[in-house]
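**Q** fold the following.
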Amino acid sequence: MAVTRSSRLAGWLAAAGTAAARVVLAAVGALAVAALPASAQTTLTIQHPLPLNSHYGAGASAFKDAFERLTDGRYRVVVQRNDNEREMMESLQIGTLDFSVSSTGPVGNFVPESKNLDVPFLFRDTAHARGVLDGDIGNEILAAFERRGLTGVIWLENGFRHLTNSRRPVVTPDDIKGLKIRTMENQVHMRAFETLGALPTPMTFSEIITALQQGTVDGQENPITVIVSNNLDQVQKYLSLTGHVYSPAVLVAAPATVARFSAADRAAMIEAARAAQTANRDRVSADEATGVAELRRRGMSVVTDIDRAKFEAALAPAYAVYAKELDGNLIARIRAAAPSQ
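**A** Numbering: from 1, shown residues only. Predicted coordinates for the structure are as follows:
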């Protein structure tokens, strides 16, 4: 039986024809767990940390709709909000959650290989970032999830991260000095802000609004999509389009959930994941096209003239540490990679 199942799985992989599918399904095959038939209306849950009307919500909803349709309604997918990304990763590892959409910031604490993606000013632009993540490098990092008790399914995105604060416009690296900045629980991000003279303060996303209102922190950094969808303009005066880090997101599955799927259901999962990727990226592109004007309309002061070269020069000490602590060869490959077509 195992030989027959492996043969069928190999045949499906050949038909799937994507590296992402091979990453997910090769790891599933190694589990050697018999697929269990899904009962009518088996319920699965996907969580993400943002409002439903956001780029994460767009991706999760597209996954839900596609997976339910492709499996002829045998599965019901419930979309939930959970601001605690660390908790989501832990739930996936123990199998109490089926899927999540998360930024790579907290994921780096579970899959160290993903930290390489968080190096400041690593990606030239969105086309470069998507080309890396959709190619061999992205699939190599997805494969690393399985070694950590997780299944990386497909790359989504947040977009480029920018800085907001309530104290002053940030135009040069010196303007950041002394600011208390909320960051994700990510040592790569924290080191960058420390190097620039800020006081990074890691906290979960659910704590941001209260911390900004109470002055616990002066500012935070997030993509335009997150700033707009969470109305951060109500608690922040200044936005600087620093674009200091490209922020990927990732659709992650619980290995225990994937192992229960039949080969056909795993194929449906991959196709639904592609639908999620398209919906998510389309929403990011739309929000970035209109978001800055919307934030200006809401009253934010926006600094657009940022000298990237000055920020990179100021981060030289951090780059020296990254070269030792991260995968220098992988970082070089990312820098040299071609953009998506």
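**Q** average model confidence for the longest helix belonging to the chain?
**A** When the chain is parsed with DSSP state H, its longest helix is helix 263-297. Helix 263-297 comes out with an average pLDDT of 96.
**Q** partner strands of the following helix or strand past that helix and their direction?
**A** Per DSSP states H and E, the first helix or strand lying C-terminal to helix 263-297 is strand 301-303. Applying DSSP bridges to the sheet, strand 301-303 is found paired with strand 238-253 (parallel).
**Q** run the chain-centre distance for the strand it pairs with.
**A** Centroid displacement of strand 238-253 relative to its chain, using C-alpha atoms, centre = their mean, to the nearest Å, is 8 Å.
**Q** which of the residues in it are buried?
**A** Residues of strand 238-253 classed as buried by neighbour count (16 or more other C-beta atoms under 10 Å): 238-253. C-beta here means a position set from N, CA and C on the backbone, and glycine is covered the same way.
**Q** residues in contact with residue 273?
**A** Residues near residue 273 by C-beta atoms under 8 Å, 6 or more residues apart in numbering: 20, 63, 153-154, 251.
**Q** for the residue lying closest to residue 121 once chain neighbours are set aside, what are phi and psi?
**A** Distance criterion C-beta to C-beta, 6 or more residues apart in numbering; nearest residue to residue 121, sequence neighbours excluded, is residue 312 at 5.2 Å. The phi/psi pair for residue 312 (degrees, to the nearest 10) reads phi -60, psi -40.
**Q** and what of residue 262?
**A** Torsion angles, degrees, to the nearest 10, at residue 262: phi -70, psi 170.
**Q** distance from the chain centre to the longest helix of the chain, please.
**A** Put simply, helix 263-297 sits 12 Å off its chain's centre (C-alpha atoms, centre = their mean).
**Q** quick one: that helix to strand 238-253, angle?
**A** Angle, helix 263-297 to strand 238-253, by axes from the mean of the first three to the mean of the last three C-alpha atoms, to 10 degrees: 170 degrees.
**Q** could you list the buried residues of helix 263-297?
**A** Buried residues in helix 263-297, defined by neighbour count with 16+ other C-beta under 10 Å: 263, 265-277, 279-281, 283-284, 287-288, 291-292, 295.
**Q** likewise for stretch 143-157?
**A** Of the residues in stretch 143-157, those buried (16+ other C-beta under 10 Å) are 143, 145-146, 148-157.
**Q** taking the residues you listed together, which two end up most distant?
**A** Largest separation among those by C-beta to C-beta: 149 and 157, giving 24.0 Å.
**Q** straight-line length of stretch 181-200, end to end?
**A** Distance across stretch 181-200, first residue to last, is 5 Å (C-alpha to C-alpha, to the nearest Å).
**Q** no no, stretch 67-84
**A** This stretch, stretch 67-84, spans 25 Å end to end (C-alpha to C-alpha).
**Q** before we move on, what about stretch 88-99?
**A** 9 Å.
**Q** in it, what's buried?
**A** Using 16+ other C-beta under 10 Å as the test for burial, stretch 88-99 gives 88-89, 91-93, 97-99.
**Q** okay, those residues in TSV with pLDDT next?
**A** Formatted as TSV, the buried residues of stretch 88-99 follow (pLDDT from 0 to 100):
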residue	pLDDT
88	97
89	97
91	98
92	98
93	97
97	98
98	98
99	98
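**Q** and these, which is closest to residue 259?
**A** The nearest member of the buried residues of stretch 88-99 to residue 259, counting by C-beta to C-beta, is residue 98 at 11.7 Å.
**Q** report the contact partners of the closest one.
**A** Residue 98 neighbours (C-beta under 8 Å, 6+ apart): 44-46, 92, 253-254, 257.
**Q** let's see that with 6 Å instead.
**A** Neighbour list for residue 98: 44-45, 254, 257 [criterion: C-beta atoms under 6 Å, 6 or more residues apart in numbering].
**Q** nice, that's everything, thank you.
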